[in-house]
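K.L.:
Attaching a predicted model along with its sequence, questions to come.
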Amino acid sequence: MQITIQELAHAIDAEAAGDLALTISGAAEPADASPSEIALAMSPKYADALGRGQARAAILWPGAEWQELGLDAVIFAPRPRMAMAGLTALMDRGQGVEPGIHPSAVVDPTAVIDEGCAIGPLAVIGARARIGAGAVIGPHVTIGMDAELGEGAVLREMVSIGARVRVGKRFVAQPGARIGADGFSFVTPEVSGVENVRKTMGDQADARAQSWLRIHSIGAVEIGDDVEVGANSTIDNGTIRNTVIGDGCKLDNLVHIGHNVRAGRDCLFCGLCGVSGSVEIGNNVVLGGQVGVVDNIFIGDGVIAAGGTKILSNVPKGRVVMGYPAVKMENHTEIYKAQRRLPRLARDIEALKKAVFKSGSSD
Amino acid sequence: MQITIQELAHAIDAEAAGDLALTISGAAEPADASPSEIALAMSPKYADALGRGQARAAILWPGAEWQELGLDAVIFAPRPRMAMAGLTALMDRGQGVEPGIHPSAVVDPTAVIDEGCAIGPLAVIGARARIGAGAVIGPHVTIGMDAELGEGAVLREMVSIGARVRVGKRFVAQPGARIGADGFSFVTPEVSGVENVRKTMGDQADARAQSWLRIHSIGAVEIGDDVEVGANSTIDNGTIRNTVIGDGCKLDNLVHIGHNVRAGRDCLFCGLCGVSGSVEIGNNVVLGGQVGVVDNIFIGDGVIAAGGTKILSNVPKGRVVMGYPAVKMENHTEIYKAQRRLPRLARDIEALKKAVFKSGSSD
Amino acid sequence: MQITIQELAHAIDAEAAGDLALTISGAAEPADASPSEIALAMSPKYADALGRGQARAAILWPGAEWQELGLDAVIFAPRPRMAMAGLTALMDRGQGVEPGIHPSAVVDPTAVIDEGCAIGPLAVIGARARIGAGAVIGPHVTIGMDAELGEGAVLREMVSIGARVRVGKRFVAQPGARIGADGFSFVTPEVSGVENVRKTMGDQADARAQSWLRIHSIGAVEIGDDVEVGANSTIDNGTIRNTVIGDGCKLDNLVHIGHNVRAGRDCLFCGLCGVSGSVEIGNNVVLGGQVGVVDNIFIGDGVIAAGGTKILSNVPKGRVVMGYPAVKMENHTEIYKAQRRLPRLARDIEALKKAVFKSGSSD
C-alpha cells in the first residue's frame, strides 16, 4: 500500500504535522523502520530506538518534539492503542481468499450465499446454511446444515460451525475454532462418586463403579454481533436451549466454553481459560489466561479474574479476584505476603512456645 | 419429529399420566416451551417457570401435582439426568452427513468400508484403513493408513485418526480431536538441566546449553469401546507400545493425554486437563477441569481430582484430592481455611512476641 | 523392516555383542517382545520383564550379564534415551503421504514447490508460497500466501500456516497446529477496567462499560530451524513485527504462544502451557505443563518452571521456579511444608494466646 501522512492521520482520526504529503508503505517498530515505513513510537521511552531506525515519519506521544527527533512528518496519538487499532486495520493484508466461490468448495445447493462473499478452496457449506453478505470463508472450513452466519464474517482456515448454530454480524474466527461441538454431559444409572463428593466434600460414600450414559446436546450455539473466537477454541452446544455468547465478546486461543453457558456483552476470555457448563456470566467480564470456572455458578457484571484464578463459587458484580480458590485481589495479596513469611512465622512460634511453655516442638 | 407422550415415556422407560396420545415435536426449558414442546421440569424449583411457558406436557419430578400445574400430560423422572439421556438421544437431529461415500471424499482403494457408513465431503481415508459398519464420518476428517475404527463410530468434522491407531465400537469424536500425534519426547546428548533439577529440586548444577534430539513414537493409540473425545483434544502415540484408553472413557474439550498413558475404564477427563507421559490411571477416575498430572506416576481406581488440581505424585485408590500440589480434599479445606486466617495469625504472633519478649518484629 | 543387530548398533552408534547377524523386525517393551523384536531394557529394573517376553535380542544397560538373561545378542546403551532417539527414528513407519502432489490438492500456480516433496490429498498451497525440498505435507493442510517453509518439513494433517509466516528447516508440526492466527489484542476508546486494575491492584475505579476495538496483527510468525510444534498448539502473529521462535524449540500439544513473543533457542514448552503477548524468553528455557506466563515480562536463559507454575513477573537467568505465583523452587518447598503445618500452627497460636493473655480467640 501507499498512503500519505495526511491520509493516514485522517483515517485514524489523529492530528498530523510536518510534510503531510510524505508517502509511507508500511509501519514498523522504531528501531526496525525503513525510510518508507512509519515508526510507531507512542511513548517517550521509544525516543532512543527511533534514532537507531531510519524512519522519516512516526506516530508519537502528544507533545513530542518531533523535529528534534530528526523526523519529516509526525502523527500524534493521545491514546496509542486506539491509533494502533486504526492503523493496523488499514494495513492488514489479509489471507488472500479470492472473491467468489472456489471451484473446489462443496456447497450444498440449498445453502444461501449472500452477495460479495469469498469462499475458499475445499470449504464445505451444508444444507440450508445461510452466509451473510461479504463473508470471507477460508480454506477447509465446515459450515453445518441450517447454520446462519451474519454479514461481514471472516473465518480463517479449518473453522467448524456446527449444525443449527446462529452467528451475528462481523464474526471473526481464527483457525481451528470449533463452534457447536456436543456438550460434555454424562450420567450414571445410579448416584456416582462425583455426585457424592459434591455433597460430602471428601467422601465418595458407597458409590460403585458404573459406566457413563451420554446426554446429547439438542440445543446449539447462539453468538451475537462483533464476536471473535481464537484459534482452536471451543464453544459447546447447549443441552436443551442454546449456549449464548453476547455481542462484542472476544475469546483468545484454546478457550473452552461449556454447554449452556450464557455470557453477556463485551467479555474477554484470555488464552486457555475454561468455563464449565451452565455458568451465567454478566457483561464486561474479563477472565485472564488459564482461568477456570466451575459449573452452575454466576459471575456478575464487570468481574475481572487475574490469570490462573480458579473460580469455585459465585462472584458478585464488580469484584476483582485472584487465586486458587479465587478470593478478592486485595485478600489474595495479603494472604500471599503472609505465605511467603510462613517459614519465619513457624520459627517465631517455636521460639514463643519455648519461652512460654519452657519446651519446644515435639515433632 | 412427532412423538406421543406414550411413545416418549416408553422410549425413556418412564411412567406417564394424562393424555397419552398428545403429540410433541420437541423439548424445551419450562419457561421457553411452546404448546408443541415438552417442558423439562424435573425438580420442584422449576414449577414457577412452567407457568411462564406454554407447555401442555412436561417431564416432572416424582409425585408432582401435575394437574394443578395446568398440564394435559406428564412423564415422571425419578432420576432426571437418566431421563435426559434417553430424551436427548431420541431428539438429536445430528449433523446431516448423508449415507454413502460423498463423491469429493478421497478413499484409498485398499481401505475397507463396512456397510451402512456415511462418509462426508472431503474426508480422507488412508491405505488399508478399516471403517466399521454404520460409521458416520464428517467432512474434512483424516483416517490414517492401517487405522481401524469399530462399528457405529460418529466422527465430527476435522477429526484426525493417525496411522495404525485402533479404536473400538461406538466411538464419538468431536470436531478437531487428534488421535495419534507423536509424543513429546526429546533427549539431550548429555544430562540436561531438567534431569538435574529432578534430582536436586532446585539446582541446575553444571548443565550446559544443549539441543534436543527427537524420540519418535513408533507405537500408536488403542482406544476401547464407547469412548468419546471432545473438541480439539489430543491423545498422543506411545513411544514403543501403544497409548491405551479403556472402555467407556469420556474426554471433554482441549484435553491432552500424553504418550504411553494407560487409562482404565469409565474415566472422565474434564476440559483442559492434561496427563503427562507414561501415567497409569485406574478405572472410574475423574479428573476435573484444568487438572494436571506429572509424568510417570499412577492414579488408583476411583480417584476424583477437583478442578485445577495439580497431581505431582502417586494417588492411592479411592482418594479425593484438590490443590496445587494435590492433597486430600479434607486437608485442602483445612489448609485453605487456615490460609485465609494467615494475615490475622501473623498479627497475633507479633502481639505475642511483644508480650513475651518485650519487643516486636525486627523487619 | 528387517535389520541385523550389527546394522542397528552401527546406526545408533552403540556397541553390540553376541550373534550380530541376528535379524530383528521391530522393537518392543521387554515383557511384550516377540522373538523377532528387540527388547528395550535399558535399566536393571527391566531384567525380570525380559524373562516374561520372548526376545532373543535386547538393548541393555552397560555391564549387563546378557548371557545369563538368555539372550542371543545385545546392544549396550550407556545413555538409554539417546539410544531411543536413534532406534525410533530408524523404525518410524510414518503416515504414508505419497511422493509428489496428490491430484486432489489445490496448489496455487504461483507457489514454488522444491524437489522431492510429498503433498497429501486436499492440501491447499497459497499464492507465492515456497515449500522447501523434501517436505512432507499431510492431508487437509493449509499453507497461506507468501508463506515460506524450509527444507525437510514434516506437517501432519490439518496444520495451518498463515500468510507471510516464515519457517526454517526440518520443521515438524503435529495435527491441527496453528501458526499465524491473529493476536489477541483489543482496546477500549477510554481507559478500561483492566487497565485500572493493573494500576490499583484491586479497584476498577470509575471504568464504565465499553466495547472492544480490534488491533489487527500486521506482523507474522518467524520460526527457526529444527522446531517442532505439537497437536492443536497455536502461535499468534505479531502486531507490527513478527512473533519469533528460535532454533531448536519444541512445543508440546495445546500450547499457546501469544503475539510478539520472542523465544530463544532450544526451549521446551510442555502441554497446555500459555505464554501471553510480548514476553521475551531466553535460550534453553523449560516451561512445564500448564505453566502460564503474564504478558510483557522476560524469562532469562536456562529458566525451568515446574508444571502448573504461574509466572507473574520477570524471572532471572538460571532460576528454577514453581507455584502460583511463581517463587524459587526451594522457597516453594519451604512455603508448602509450612502450609501443611498451618492448621497446627494456628492451634499453637491459640494456646500461646491463652497462656500469655489469659484469653483465647474472640472469633
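P.N.:
Ah, there it is.
K.L.:
pretty sure residue A:172 is touching residue A:229, no?
P.N.:
Yes - with contact defined as C-beta atoms under 8 Å, residue A:172 reaches residue A:229; the gap is 7.3 Å. All C-beta atoms are positioned from the backbone trio N, CA, C, and that covers glycine.
K.L.:
out of those two, which sits in the more crowded spot?
P.N.:
Just comparing residue A:172 and residue A:229: by other C-beta atoms under 10 Å in any protein chain shown the higher neighbour count belongs to residue A:229, 29 against 20.
K.L.:
Residue A:105 reaches residue A:121, doesn't it?
P.N.:
Yes - between residue A:105 and residue A:121 there is a contact under C-beta under 8 Å: 6.7 Å.
K.L.:
Tell me the buried residues in the least confident helix or strand in chain A by mean pLDDT?
P.N.:
Using mean pLDDT, DSSP states H and E, helix A:193-200 stands out as the lowest-scoring helix or strand of chain A, at a mean of 80. Buried residues in helix A:193-200, counted by 16 or more other C-beta atoms under 10 Å in any protein chain shown: A:193-197.
K.L.:
and the particular helix or strand that has residue A:353 in it, what other elements does it pack with?
P.N.:
Residue A:353 belongs to helix A:342-357 when assigned by DSSP states H and E. Where contact means 3 or more C-beta pairs under 8 Å, 6 or more residues apart in numbering or on different chains; DSSP states H and E, helix A:342-357 is packed against helix B:342-357, helix C:329-340, helix C:342-357.
K.L.:
Report the angle between that helix and helix A:329-340.
P.N.:
On the basis of axes from the mean of the first three to the mean of the last three C-alpha atoms, to 10 degrees, helix A:342-357 is oriented at 60 degrees to helix A:329-340.
K.L.:
what's next to helix A:342-357, contact-wise?
P.N.:
Contact with helix A:342-357 is made by A:338, A:359-361, B:342, B:345-346, B:349, B:352-353, B:356-357, C:334-335, C:337-339, C:341-342, C:345, C:348-349, C:352, C:355-356, as judged by C-beta atoms under 8 Å, 6 or more residues apart in numbering or on different chains.
K.L.:
what about 6 Å?
P.N.:
Residues from elsewhere that reach helix A:342-357 (C-beta atoms under 6 Å, 6 or more residues apart in numbering or on different chains): A:360-361, B:349, B:352, B:356, C:334-335, C:338, C:345, C:348, C:352, C:355.
K.L.:
List just the nearest of these to residue B:177.
P.N.:
Nearest to residue B:177 among the contacts of helix A:342-357: residue C:335, at 39.0 Å, using C-beta to C-beta.
K.L.:
Please name the residues that touch that closest one.
P.N.:
Residue C:335 neighbours (C-beta under 6 Å, 6+ apart): A:339, A:342.
K.L.:
The one 5 residues further on now?
P.N.:
For residue C:340, the contact set (C-beta under 6 Å, 6+ apart) is empty.
K.L.:
quick revisit: would you turn the helices and strands packed on helix A:342-357 into CSV with mean pLDDT?
P.N.:
Output for the helices and strands packed on helix A:342-357, formatted as CSV (pLDDT from 0 to 100):
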stretch, mean pLDDT
helix B:342-357, 88
helix C:329-340, 86
helix C:342-357, 88
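K.L.:
closest to residue C:54 out of the ones you listed?
P.N.:
Here helix C:329-340 is closest among these (C-beta to C-beta), at 44.4 Å.
K.L.:
Around chain C, pick out the residues from the stretch 201-350 of chain A.
P.N.:
Residues of the stretch 201-350 of chain A lying close to chain C (C-beta under 6 Å from any C-beta of the partner chain) are A:231-232, A:248, A:250, A:252-254, A:266, A:271-272, A:284, A:286, A:289-290, A:304, A:307-308, A:320, A:329-330, A:339, A:342-343, A:346, A:349.
K.L.:
just the buried members of these?
P.N.:
Buried residues within those, counting neighbours by 16+ other C-beta under 10 Å: A:231-232, A:248, A:250, A:252-254, A:266, A:271-272, A:284, A:286, A:289-290, A:304, A:307-308, A:320, A:329, A:339, A:342-343, A:346, A:349.
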